[in-house]
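Trainee: take this sequence and fold it.
(chains A and B)
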Amino acid sequence: MNGLMVGLAKQHHGEEAAKIFKEMNNLVEINASSYAVLLSSLSEFSDLKEGKRKGQEVHAYLIRNALVDVWILIGNSLVNMYAKCNAIDNARSVFQFMPSKDSVSWNSMISGLDHNERFDEAVACFHKMRRNGTVPSKFSVISALSSCASLGWIMLGRQIHGEGTKYGLDLDVSVSNALLTLYAETDYMDECKRVFFLMPEYDQVSWNSFIGALATSDVSVLQAIKYFLEMMQAGWKPNRVTFINILAAVSSLSLLELGRQIHALLLKYSIADDNAIENTLLAFYGKCEQIEDCEIIFSRMSERRDEVSWNSMISGYIHNGILHKAMDMVWFMMQRGQRLDGFTLATVLSACASVATLERGMEVHACAIRACLESEVVVGSALVDMYAKCGRIDYAARFFQSMPVRNIYSWNSMICGYARHGHGEKALKLFTQMKQHGQLPDHVSFVGVLSACSHVGLVDEGFKHLKSMSGVYGLAPRMEHFSCMVDLLGRAGDVNKIEEFIKSMPMDPNALIWRTILVACCRANSRTTELGRRAAKMLIQLEPQNAVNYVLLSNMHAASGKWEDVAEARLAMRNASAKKEAGCSWVTMKDGVHVFVAGDQTHPEKEKIYEKLKEIMNKMRGMGYVPETKYALYDLELENKEELISYHSEKLAIAFVLTRQSELPIRIMKNLRVCGDCHTAFKYISKIVNRQIILRDSNRFHHFDDGICSCGDYW
DNA sequence: ATAGGGTTAG
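Mentor: Okay, here's the model as predicted:
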């Protein structure tokens, strides 16, 4: 009978439905549960605003007929109805004015707050319930745990876990499932595994949660695959969520063949025609550089496409280096009125950042303002990152200051931005501020902090921060952190301490560490050491095809004038047929981008450029500049060496800029590391022409001002 | 009547 009335209610208006219920009074006994069924049916509307509107009509009817306060059930149903229709303020006001509340009232309010992403309020409500003397049930514990997971509040989550255990609620499958999510979200994988292995029984959600947890924590991705197979062996059928999780694992490991097998399995289970599944497949094939598969899936999706599909497609193109198609997609989206969201802009901004195109980046910024997405935290963080990577650390800082909401990514982008530009003190100051704002640092923050310490030369402070990672924040230092420390020791000139340090590391040094060591051994005033030779040997064993390694080795020998060894390194490079990327520098002027290679002869204004260069070089010599010919890397006559380094691409680029009239700072990009002689030359030039020079090389930014570089001559 | 698992991004 109730079902029939609900059907009627959905066709008519809420007010009428309530009247029909009232009229039922004469035929069948009408009670609170009839109204409860009616109210709960309203949250099943696809349009939740419509559901809320009808709910308000029923609510009004109940008030007029003085039925609200008669039964607790009515109040509870109203709270649930409003909460599920995303009208959390209405839910709260009903809840507040309920004359008496039972356990379900509290559960409904807490879960409602959680569902409406009012996580901190959900947790506060849980505590209020406890103070009120109400014993927590599995429902309130689940919702409170879910909110703690979303907030990353591990300590509180643990307390609630303990409290649940006290009442024996941890034996419940659903409570354990919520615990799995809590520990997964907070990256406490050991706890997560403990919960899973102690569970008396599993359901499909348990398996899915556990596999999802393993898939998102990068130390355990392979185990996700192991438990996926175990789940199937245990007789569980994977569903769409299982597939989404396992594809995430396969994606992050770029296991193309396994992914294709899973795709086949999806077709077998007939769940491949599903928006979320297809979106995950787009992400997977994009990651595995199978852009054709992405295009096939995307075109098949037709009306199932949503923003996520478009965004995944765009990031697929970017990941595969097809920038123009990515941009076409954005243009196409705007043309056909497909909504652009924060993800779209963040994706495109990251592409602008990676190729350091400030002009495009600023256009996207303008798009963000027009789409009213500028204040979204993902867009803001991407903008900070873009400005920092495009050389405008000043714009990055100004935008960062204006952000209404900041998260770990926003802080990290700014801290790492400062570090990349050699503003070590600012990076460290911001790190302190971040902690004062209550933002906990993560692995990325510490990469920024440790490299900032390195730029400023703060050895002791660097070790203090490294210690605090595990000691205070429960973060295990990774290879990149150890690499920062090696860099820090190298900068301080402590080559012997590097030896000690790498012995103390919990893992074997990888190519990154050996390269950092080799770079340290290449410094102008350090000798060719045993350690340097060993680092080079290890490095060439690990990456025989990487030409950078041979160049570093030959630079190290060149620094101490061992020309036979230089020649040997060059020969080894040729024998390994390792190709060196051609060095080039470019500048963006009003009339476009100008690219230069060493000894460039193709620029239409080459006479003017070489003439300008000669003039500058003469002025430099007058101020005491001596070409550092060892960077020419060949045992040639002195005169020839000077010639070679005079025409490095960055020198041609700056000479070109100086042929034009301007007072603005000079911005130059280079694809490789700047050579030591050019670095010295740029310091002189900044003094001679009295202009700021900002040079981006493959590692970092150098700000030259009045004869001084922000990198402190160490890079 | 109230609960738990999923896709893109920084």
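Trainee: from now on I want contacts and neighbour counts done on CA atoms only, so please keep to that.
Mentor: Noted.
Trainee: what segments of the stretch 351-500 of chain A are helices?
Mentor: Ranges of helices in the stretch 351-500 of chain A, per DSSP state H, counting those that start in this stretch, are A:358-370, A:377-389, A:393-402, A:408-420, A:424-436, A:443-456, A:459-473, A:479-491, A:495-504.
Trainee: check the stretch 601-715 of chain A too.
Mentor: Along the stretch 601-715 of chain A, counting by DSSP H, counting those that start in this stretch, helices occupy A:606-622, A:638-646, A:649-658, A:676-688.
Trainee: and DNA strand B, which of those helices is closest to it?
Mentor: Checking the helices of the stretch 601-715 of chain A against DNA strand B by Cα to the nearest atom of the strand gives helix A:649-658 as the closest, at 27.9 Å.
Trainee: tell me what the closest one is packed against?
Mentor: Applying 3 or more Cα pairs under 8 Å, 6 or more residues apart in numbering; DSSP states H and E, one finds that helix A:649-658 contacts strand A:584-589, strand A:592-597, helix A:606-622, strand A:666-670.
Trainee: that older thread, out of the helices of the stretch 601-715 of chain A, which comes closest to A:Val364?
Mentor: Counting by Cα to Cα, A:Val364 lies closest to helix A:649-658 out of the helices of the stretch 601-715 of chain A; the figure is 26.7 Å.
Trainee: could you find the closest non-adjacent residue to the residue most central in space within chain A?
Mentor: Closest residue to the average C-alpha location of chain A: A:Tyr409 at 6.5 Å, with Cα atoms, centre = their mean. Closest residue to A:Tyr409 apart from its sequence neighbours, by Cα to Cα, 6 or more residues apart in numbering: A:Ser381 at 6.0 Å.
Trainee: the residue nearest to the centre of chain A against A:Gly380, yeah?
Mentor: No. Counting by Cα atoms under 8 Å, A:Tyr409 does not reach A:Gly380; the two are 9.4 Å apart.
Trainee: gap between A:Phe197 and A:Tyr647?
Mentor: For A:Phe197, the distance to A:Tyr647 (Cα to Cα, to the nearest Å) stands at 66 Å.
Trainee: the two - which one has more neighbours?
Mentor: Neighbours were counted for A:Phe197 and for A:Tyr647 using other Cα atoms under 10 Å; A:Tyr647 has more, 19 against 11.
Trainee: can you get me a residue count around A:Cys584?
Mentor: A count of neighbours around A:Cys584, defined by other Cα under 10 Å, yields 18.
Trainee: got a pLDDT number for the closest residue to it other than its chain neighbours?
Mentor: In space, and not counting its chain neighbours, A:Cys584 is closest to A:Val597: 4.5 Å by Cα to Cα, 6+ apart. You'll see A:Val597 listed with a pLDDT of 89.
Trainee: one more: the one 3 residues further on?
Mentor: Looking at A:Asp600, its pLDDT is 85.
Trainee: and for the one 10 residues further on?
Mentor: In the predicted model, A:Tyr610 carries a pLDDT score of 91.
Trainee: next one: A:Glu163 from DNA strand B, what distance?
Mentor: Separation of A:Glu163 from DNA strand B (Cα to the nearest atom of the strand, to the nearest Å) stands at 17 Å.
Trainee: mind listing what's buried along the helix or strand containing A:Ala122?
Mentor: Assigned by DSSP states H and E, A:Ala122 belongs to helix A:119-131. Neighbour counts over helix A:119-131 (16 or more other Cα atoms under 10 Å) mark A:119-123, A:125-127, A:129 as buried.
Trainee: do stretch A:239-248 as well
Mentor: Within stretch A:239-248, the residues that qualify as buried are A:240-248, counting by 16+ other Cα under 10 Å.
Trainee: ok, stretch A:43-50 next?
Mentor: By 16+ other Cα under 10 Å, the buried positions in stretch A:43-50 come out as A:43, A:48.
Trainee: CA atoms only for it - export them in PDB, please.
Mentor: Taking C-alpha atoms only, stretch A:43-50 is exported to PDB below (Å, rounded to 0.1, in the frame of the first residue of the first chain):
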ATOM      1  CA  SER A  43      15.700  11.500  -2.000                       C
ATOM      2  CA  GLU A  44      15.600   9.100  -4.900                       C
ATOM      3  CA  PHE A  45      14.700  11.900  -7.400                       C
ATOM      4  CA  SER A  46      17.500  12.300  -9.900                       C
ATOM      5  CA  ASP A  47      17.000  16.100  -9.500                       C
ATOM      6  CA  LEU A  48      17.700  16.600  -5.800                       C
ATOM      7  CA  LYS A  49      16.400  20.200  -5.800                       C
ATOM      8  CA  GLU A  50      13.000  18.800  -7.000                       C
END
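Trainee: in the stretch 51-200 of chain A, which spans are helices?
Mentor: Along the stretch 51-200 of chain A, counting by DSSP H, counting those that start in this stretch, helices occupy A:72-84, A:88-96, A:103-115, A:119-131, A:138-151, A:154-166, A:173-185, A:189-198.
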